[in-house]
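Novice: Turn this into a structure:
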Amino acid sequence: MTGGEQPALRVLHVTNMWPVEDSFRGIFVREQVDALRAAGVHVDVEVVAQARGRRDYLLAAPRIRRRVRDGRYDLVHVHHGMTALATRLVGPVPRILALYGHDINWHWQRWITRLGWGGVADKVYVSRRMAVAAGDPDGEVIPNGVDFGLFTPVDRDKARAGLGFAADEKVILFGGVPENWVKGHDVFTDVLGGLAARGIRARELVLAAPGQSRADVAPKFAAADLLLFTSRRGYEGSPTVVKEASVIGLPVVTTDVGDVAEVLAGVTPSAVVPWGATRAELVDALTARAVEVLADGRRSNGREVNARLDWAIVAHRVVAYYRRVLTSSR
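Specialist: All right, here's what the predicted structure looks like:
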């Protein structure tokens, strides 16, 4: 270390979201950890609940306290409000709490989150909308990033051939698991019906599939003509799938959830559809915008507009934030 360099930070990440086997739940946490390590931060990870079950939210506190004591960490980075209670016994080491969506938007999780955030050095949100919902409109906002190396534009015809689609088919990507009610697959299906009524035959491509690897996901974005994101309001914080689509150049038509309006500001062709008074109005509006984007036919300029979302850039923002928190905690 030279005279002008600061010592490497030691940070313990505590999370209830961590990808295992064929699950991508919490992939953004792992990608953040990888990016921080690449930026020179020493990061260890403690996973709460998941395989241990929900009781671990109550039982994990002594385990985490021991780990913090033995690890000589500068900071504890807590992911999700449900995890915060388990970290309240860490002692004098500053905690920051990262909030994502359900922990603020769902009433019962919000209540638990508020119990857990007492004593934190600071809170960080993935969108300004979330900060406002938490009653902290001027709070720190750092969105999750995207792996620009993985999500890079590739030849669409080659991607389609690999997935069994013809070059001239209209392919619309569903960004989630159809069985997950929050993602609004019923609305997605109705929009496809609306497109068919207008003479546009489109095939559905589901992003999530059992057993697929992370590398299997990117070609689906490349093969599609459009990401139709129909998530219901009140559940999303900063939808990763919308950012990944944007960065790979896939046009997006989406309901107005989370921070999609910020992510897609200046991105063309793409559209954020406001909530209608009725479900039928929402379906009609989504259908109309999908027709427009499909007729345009171009890939989007999202990679250029959202260059700030490269994990390498986001990681340096997080490190700078860590140092500000540590300075203010002294």
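Novice: Who are the contact partners of the residue nearest to residue 41 when sequence neighbours are not counted?
Specialist: What sits nearest to residue 41 in space, not counting adjacent residues and going by C-beta to C-beta, 6 or more residues apart in numbering, is residue 9, at 5.0 Å. Every residue, glycine included, has its C-beta placed from N, CA and C. Residue 9 makes contacts with 41-42, 74-75, 319, 322-323, 326, as judged by C-beta atoms under 8 Å, 6 or more residues apart in numbering.
Novice: Any regions of the stretch 101-250 of the chain where pLDDT drops low?
Specialist: When residues are selected by pLDDT under 70, those of the stretch 101-250 of the chain lie in 101-117, 211.
Novice: Can you pull the domain assignment for the protein?
Specialist: 10-145+310-329, 156-307 (automatic domain parsing).
Novice: what about the first one, start to end distance?
Specialist: Domain 10-145+310-329 has its terminal residues 16 Å apart, counting by C-alpha to C-alpha, to the nearest Å.
Novice: starting at the chain centroid, how far to it?
Specialist: 14 Å (C-alpha atoms, centre = their mean, to the nearest Å).
Novice: Kindly report the same for the last one.
Specialist: In terms of C-alpha atoms, centre = their mean, the centre of domain 156-307 is found 15 Å from the chain centre.
Novice: Quote the end-to-end distance of that domain.
Specialist: Its first and final residues considered, domain 156-307 spans 22 Å by C-alpha to C-alpha.
Novice: Nearest residue to residue 46 in space, please, no chain neighbours.
Specialist: Spatially, and ignoring its direct neighbours in sequence, residue 46 is nearest to residue 14 (4.8 Å; C-beta to C-beta, 6+ apart).
Novice: I'd like the next helix or strand past the helix or strand in which the one you found is found.
Specialist: According to DSSP states H and E, residue 14 maps onto strand 10-15. Note on strand 10-15: by DSSP H and E, the next helix or strand toward the C-terminus is helix 27-38.
Novice: Give the buried residues for stretch 320-329.
Specialist: Applying a neighbour-count criterion of 16 or more other C-beta atoms under 10 Å, one finds 321-322, 325 buried in stretch 320-329.
Novice: So which residues make contact with that stretch?
Specialist: 6, 9, 11, 41, 74-75, 77, 94, 96, 121-122, 124, 140, 142.
Novice: of these, closest to residue 159?
Specialist: Using C-beta to C-beta, residue 142 comes nearest to residue 159 of these, at 31.3 Å.
Novice: Contact partners for that closest one?
Specialist: With contacts defined as C-beta under 8 Å, 6+ apart, residue 142 is in contact with 124-126, 314, 317-318, 321.
Novice: how does it look with 6 Å?
Specialist: 124, 317 (C-beta atoms under 6 Å, 6 or more residues apart in numbering).
Novice: how close does it sit to residue 208?
Specialist: 26 Å (C-beta to C-beta, to the nearest Å).
Novice: Could you report the distance from residue 153 to residue 243?
Specialist: Distance of residue 153 to residue 243, computed by C-beta to C-beta: 15 Å.
Novice: Likewise for residue 55?
Specialist: From residue 55 to residue 243 the distance is 34 Å (C-beta to C-beta).
Novice: Neighbour count for these two, which is higher?
Specialist: residue 243 (24 against 9; other C-beta atoms under 10 Å).
Novice: residues touching the more buried one, list them.
Specialist: Going by C-beta under 6 Å, 6+ apart, residue 243 touches 146, 263, 309.
Novice: From these, list just the buried residues.
Specialist: Applying 16+ other C-beta under 10 Å to these flags 146, 263, 309 as buried.
Novice: pLDDT wise, what is the closest residue in space to residue 236 that isn't next to it in sequence at?
Specialist: Spatial nearest neighbour of residue 236, excluding adjacent residues (C-beta to C-beta, 6+ apart): residue 258 at 3.7 Å. Predicted confidence (pLDDT) for residue 258: 89.
Novice: Now residue 258: phi and psi?
Specialist: Main-chain torsions, residue 258, degrees, to the nearest 10: phi 50, psi -130.
Novice: That one contacts residue 235, doesn't it?
Specialist: No - here residue 258 does not reach residue 235: they are 8.5 Å apart, not a contact under C-beta atoms under 6 Å.
Novice: Mind checking which of the two has more residues around it?
Specialist: Counted by other C-beta under 10 Å, residue 258 and residue 235 do not tie: residue 258 has more neighbours, with 28 against 18.
Novice: Contacts only, for that one.
Specialist: 127, 236-239.
Novice: With respect to residue 203, which of these is nearest?
Specialist: residue 239 (22.5 Å).
Novice: check contacts around the closest one.
Specialist: residue 258.
Novice: repeat that with 7 Å
Specialist: 229, 231, 257-258, 260 (C-beta atoms under 7 Å, 6 or more residues apart in numbering).
Novice: with those residues in mind, which one is nearest to residue 26?
Specialist: Checking the contacts of residue 239 one by one against residue 26 (C-beta to C-beta), the nearest turns out to be residue 258, at 16.5 Å.
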